[in-house]
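> Provide a 3D model corresponding to the input given below.
(2 chains)
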Amino acid sequence: MEPNDQPEKPLISSKVDAFFLSIYDVFRFIIRFFREVLRPPLEVQEFIRQCFMVGYKSLALISLTGFITGLVFTKQSRPSLAEFGATSWLPSLISIAVIRALAPLVTALICAGKVGSSIGAELASMKVTEQIDAMEVSAINPFKYLVVTRILACTVCLPLLMSYTAVVGMMGSYLDIHLNEQTSFIAFLNKAFANISFLDLASSFIKSVCFGFTIGVVSCYQGFNASQGTTGVGKAANVSVVISMFLIFIEEVLIVQIVNSIR
Amino acid sequence: MKPFTPEIDWNDKVISVQGLYKSFGSNHVLRGVDLDLYKGENIVVLGRSGTGKSVLIKIIAGLLKPDAGTVNVLGQEVPELGSAELRELRLKIGFCFQNGALYDSMTVSENLAFPLKRNNPKMSADQRRRLIDIVLDAVGLSQTINQMPAELSGGQRKRIGIARTLILRPEIMLYDEPTAGLDPITCTEINSLINEVQKRFKTSSIIITHDLTCARATGDKIAVMKEGAFIRKGDFDAVFSENDDELIREFYDYNFIQ
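All right, here's what the predicted structure looks like:
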């Protein structure tokens, strides 16, 4: 029997329909992730490889940006505090800024740019060259092998990278404070951590888990659903970065609101 | 011309497609396709680009869902299978993609070992290595075992793609444009390889192409597709003996006169 030839009419308009359909698609993608992540076999080897790619391969960039962020933030804050004769508060101010906001944000933005674009482009090129279809027809589950491992690696590695960024940022800050005030390292640490609470550490940790998950989901979704040949590869990489960064800022605002209401 | 294949079992249908329809939006790609493939047989599906040839084999492999019609492969209705059953069935179907679809980040050996490791995790490394040697020998590319796909020529990539599907010992082979973009000598080698695979591995195949030389060399039967439906089926001489259809006339003239 020949199927109905009539094209379906859009419910609202074709663009609005497409927007809501894509949101529905992303939710289905996330639900599929949670369903597949618990189902054996676990792709341990690929997960470790992805952790190496996401974590270890980002270390150099994270070290540089984290160090410079701490150093520059200290330099910029000094004149304002010096006006009130409060430069001794610098370690405390910097630690609060770095641990609560700068380390999670800087790490997430760097990873969105580096890791997100790389995952988006890699999966998209696999899609357009039919490598994902080739896995499917070889009775291999490409979602589990390619998507689940990458999202998990991003979710696990972001908090670790964030902790590292915080340490490196504080080192940058210490360098500037030591050069100007000759403060000892122990005194710097005592002052820096005097005002850091468990909630600050926990909220940063939760934030970076959310950021990592977001980068993983967005870039894998864009790559896995790429089309239009080589143009689609560039588009997937670009859109992965843009949407990840946009969502990271929205999540930052939401989490800060929630944490402040608890505080 | 391909010699007669005595191994075809005319009582055993491995693929039966009936009344198949598939559209992408307003683009009606398949419009009532019927096709039977018998055990040991090679069918060549000929047609111009965009007539739905690749869509047909992607539906047979379960990569796309049809809008209407039945697709029976080895006694199972493909569109009705769950993901686990489909995975089981796919172990019996080898799909050779147009550009080989080799995994860029893996060497040839890793490309071949990958489906084995996933589908047969208990197999020892020695057994895997032996199977890899057998299929590489079958496609005549033993020397490329440690090369990356980027270092291979187009023809070599296609051969390794065929080797990767053969390693799971499929009963059915689906070839998507096996000779597209290759020089005439490499085309002849690929055609011989398709026949060699049919004979040595006892496979039944659907070969999608618009290359008449490939069709004549590899097809026990030719099916000509036009605008999403078959307009003629039969052996090569029967299909091209009457040039009454414009498409068939153009195909023949382009391939054998120009």
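> tell me the secondary structure at the residue of the stretch 151-258 of chain B found nearest chain A.
Checking the stretch 151-258 of chain B residue by residue against chain A with Cβ to the nearest Cβ singles out residue B:168 as nearest, at 6.8 Å. For every residue, glycine as well, the C-beta is placed using N, CA and C. Under DSSP: H, G, I helix; E, B strand; the rest coil, the three-state class of residue B:168 is coil.
> what is the burial count for it?
Using other Cβ atoms under 10 Å in any protein chain shown, residue B:168 has 21 other residues around it.
> distance check, it against residue B:57.
17 Å (Cβ to Cβ, to the nearest Å).
> same thing with residue A:117?
The spacing between residue A:117 and residue B:57, counted by Cβ to Cβ, is 34 Å.
> regarding residue B:32, what is its secondary structure?
In terms of secondary structure, residue B:32 is strand; the call rests on three-state DSSP.
> could you point out the helix or strand that follows the top helix by length along chain B?
Assignment by DSSP state H gives helix B:184-201 as the longest helix of chain B. If you walk from helix B:184-201 toward the C-terminus, the next helix or strand you reach (DSSP states H and E) is strand B:204-209.
> so what angle separates the directions of that following strand and helix B:184-201?
Regarding strand B:204-209 and helix B:184-201, their directions subtend 170 degrees when assessed with axes from the mean of the first three to the mean of the last three Cα atoms, to 10 degrees.
> what does the stretch 51-200 of chain B put close to chain A?
Proximity of the stretch 51-200 of chain B to chain A is confined to B:58, B:61, B:63, B:67-68, B:87-88, B:90-91, B:93-95, B:97-99, B:101-104, B:114-115, B:118-119, B:121, B:161, B:164-165, B:168 under the rule Cβ under 8 Å from any Cβ of the partner chain.
> please state the mean pLDDT value computed over the helix or strand residue B:215 falls within.
In this assignment (DSSP H and E), residue B:215 forms part of helix B:212-218. In this model, helix B:212-218 carries a mean pLDDT of 88.
> just the helices from the stretch 101-250 of chain A, written as ranges.
A:103-111, A:117-128, A:131-137, A:142, A:149-181, A:185-192, A:198-224, A:229-262 (DSSP state H, counting those that start in this stretch).
> in the stretch 151-258 of chain B, where is pLDDT below threshold?
For the stretch 151-258 of chain B, the stretches with pLDDT under 70 are B:243, B:254-258.
> if we use 50, what do you get?
Applying pLDDT under 50 to the stretch 151-258 of chain B picks out residues B:258.
> chain A now?
In chain A (pLDDT under 50), no residue qualifies.
> go again with 70.
A:1-8, A:10.
> re the thing from before, report all helices and strands that the helix holding residue B:215 contacts.
Helices and strands touching helix B:212-218, as assessed by 3 or more Cβ pairs under 8 Å, 6 or more residues apart in numbering or on different chains; DSSP states H and E, comprise strand B:42-47, helix B:184-201, strand B:204-209, helix B:246-256.
> make TSV out of those and add mean neighbour count.
Compiled in TSV, the helices and strands packed on helix B:212-218 are given as follows (neighbours: other Cβ atoms under 10 Å in any protein chain shown):
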stretch	mean neighbour count
strand B:42-47	26
helix B:184-201	17
strand B:204-209	26
helix B:246-256	14
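> and the stretch 151-263 of chain A, which residues reach chain B?
Within reach of chain B by Cβ under 8 Å from any Cβ, the stretch 151-263 of chain A has no residues at all.
> got the buried residues for stretch A:203-212?
Going by neighbour count (16 or more other Cβ atoms under 10 Å in any protein chain shown), the buried part of stretch A:203-212 is A:203, A:204, A:207, A:208, A:209, A:210, A:211, A:212.
> show me what contacts the first one?
If a contact means Cβ atoms under 8 Å, 6 or more residues apart in numbering or on different chains, then residue A:203 has A:100, A:255, A:259 as its contacts.
> then the fourth one?
Residues in contact with residue A:208 (Cβ under 8 Å, 6+ apart) are A:104, A:107, A:108, A:158, A:159, A:161, A:162.
> isn't the third one up against residue A:248?
Spelled out, that is residue A:108. Yes: applying Cβ atoms under 8 Å as the test, residue A:108 and residue A:248 come out as touching, 4.8 Å apart.
> touching both of these two, which residues are there?
Both residue A:108 and residue A:248 are contacted by A:211, A:215, under the criterion Cβ under 8 Å, 6+ apart.
> higher neighbour count, the two?
Neighbours per residue (other Cβ under 10 Å) separate residue A:108 from residue A:248, with residue A:108 holding more: 31 against 22.
> apart from its chain neighbours, what residue comes closest to the more buried one?
Closest residue to residue A:108 in three dimensions, ignoring its sequence neighbours and counting by Cβ to Cβ, 6 or more residues apart in numbering or on different chains: residue A:211, at 3.7 Å.
> cool, and residue B:149?
Ranked by Cβ to Cβ, 6+ apart and with sequence neighbours excluded, the top spatial neighbour of residue B:149 is residue B:102, at 4.0 Å.
> would you say the one you found is within a helix?
No: the secondary structure assignment for residue B:102 gives coil rather than a helix, going by three-state DSSP.
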